[in-house]
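**Q** structure for the following, please:
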Amino acid sequence: MEKQLLAPELWVERYGAELYGFALRRVHTADCSEELVQETLLSALSALDSYRGEASERTWLFVILRRKIIDHYRREARSPLVPLGEADEETQYFYSENGHWREEQYPRAWNMPADDVLAQQELSEALQLCQEKLPARHGAVFTMRFVDELSAEEICQELGLTPSNYWVLVHRAKLHLRKCLEKNWFGQHRAA
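**A** Below is the predicted model:
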């Protein structure tokens with residue numbers, strides 16, 4: 001197999017929008033996405049000599065970007081955990097003293113037909129806004145698990161988490177997202 005020639009002068013034109021969109025779906029802020037793409041392109045430029053040509057230019061750039069995003073998640077995961085008082089408030093919101101769901105917090109049906117494209121788009125936008133509001137650690141773990149579809153073991157290894165800490169973060173992220181979606185979207189789409 002012949003080594004593919006790289007064309008760094010065309011990277012932004014060829015792959016810039018796609019790299020940016022990929023990063024934005026994972027980190028949810030334009031500034032951070034732009035920064036990650038810039039870091040990716042700079043890293044690729046400095047690694048031109050190490051490019052072995054085993055993957056396409058595009059694939060190679062995406063591999064670098066994925067590593068940059070994971071590095072970003074690691075930095076985010078170092079942020080402090082949710083203060084105990086906030087976690088207690090969260091638990092009290094959903095659970096009664098005996099550890100069961102509060103009746104008013106039981107999942108309820110919502111009136112969105114599965115083929116309602118506009119409602120699906122609205123839900124997607126609401127979910128993205130709610131993900132942006134997650135605490136940094138929760139957001140990193142949630143995105144790695146449910147967007148990038150990494151295994152629990154991979155996430156624990158990448159972020160230096162214990163399995164129990166990982167599951168607590170996933171659980172809290174889901175609770176935060178549920179509360180946010182109920183407040184900002186489900187209330188408009190509940191079944192009568």
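**Q** quick one: name whatever helix or strand follows the one helix or strand in the chain whose mean pLDDT sits lowest.
**A** Taking mean pLDDT, DSSP states H and E as the measure, the chain has helix 84-94 as its least confident helix or strand, at a mean of 50. Going down the chain from helix 84-94, the next helix or strand is helix 117-132, by DSSP states H and E.
**Q** relative to the whole chain's centre, how far out is that following helix?
**A** Averaging C-alpha positions (CA atoms, centre = their mean, to the nearest Å) puts helix 117-132 14 Å from its chain's average.
**Q** just the buried residues of it, please?
**A** 119, 123, 126, 130-131 (16 or more other CB atoms under 10 Å). Placement of C-beta: from N, CA and C, glycine included.
**Q** equivalent analysis for stretch 156-165, please.
**A** Those would be 156, 158-159, 161, 165, for stretch 156-165 by 16+ other CB under 10 Å.
**Q** stretch 133-140 now?
**A** Neighbour-count burial for stretch 133-140 flags 134-140 (criterion: 16+ other CB under 10 Å).
**Q** distance of residue 156 from residue 149?
**A** Noted for residue 156: a distance of 15 Å to residue 149, by CB to CB, to the nearest Å.
**Q** try residue 8
**A** Counting by CB to CB - residue 8 and residue 149 are separated by 30 Å.
**Q** looking at these two, which is more packed in?
**A** Remark: of residue 8 and residue 149, residue 8 carries more neighbours, 12 against 8, as counted by other CB atoms under 10 Å.
**Q** so that one makes contact with residue 45?
**A** Yes: the criterion here is CB atoms under 8 Å, and residue 8 meets it with residue 45 at 5.8 Å.
**Q** which residue ranges make up each domain of the protein?
**A** According to automatic domain parsing, the chain comprises the domains 8-77, 84-188.
**Q** pick out the shakiest of those domains, pLDDT-wise.
**A** In terms of average pLDDT, domain 84-188 trails the rest of those, at a mean of 77.
**Q** now do the phi/psi pair for residue 55.
**A** When quoted as degrees, to the nearest 10, the phi and psi of residue 55 stand at phi -130, psi 160.
**Q** helices along this structure, start to end?
**A** Counting by DSSP state H, the chain has helices at residues 11-27, 30-46, 57-77, 84-94, 117-132, 136-146, 152-159, 163-184.
**Q** quick check: which of those helices is buried the most?
**A** With neighbours defined as mean count of other CB atoms under 10 Å, these peak in mean count at helix 136-146, which reaches a mean of 22.
**Q** between that helix and helix 11-27, how many degrees?
**A** Helix 136-146 and helix 11-27 are oriented at 110 degrees to each other (axes from the mean of the first three to the mean of the last three CA atoms, to 10 degrees).
**Q** other SSEs contacting helix 136-146?
**A** Secondary-structure packing of helix 136-146 (3 or more CB pairs under 8 Å, 6 or more residues apart in numbering; DSSP states H and E): helix 57-77, helix 117-132, helix 152-159, helix 163-184.
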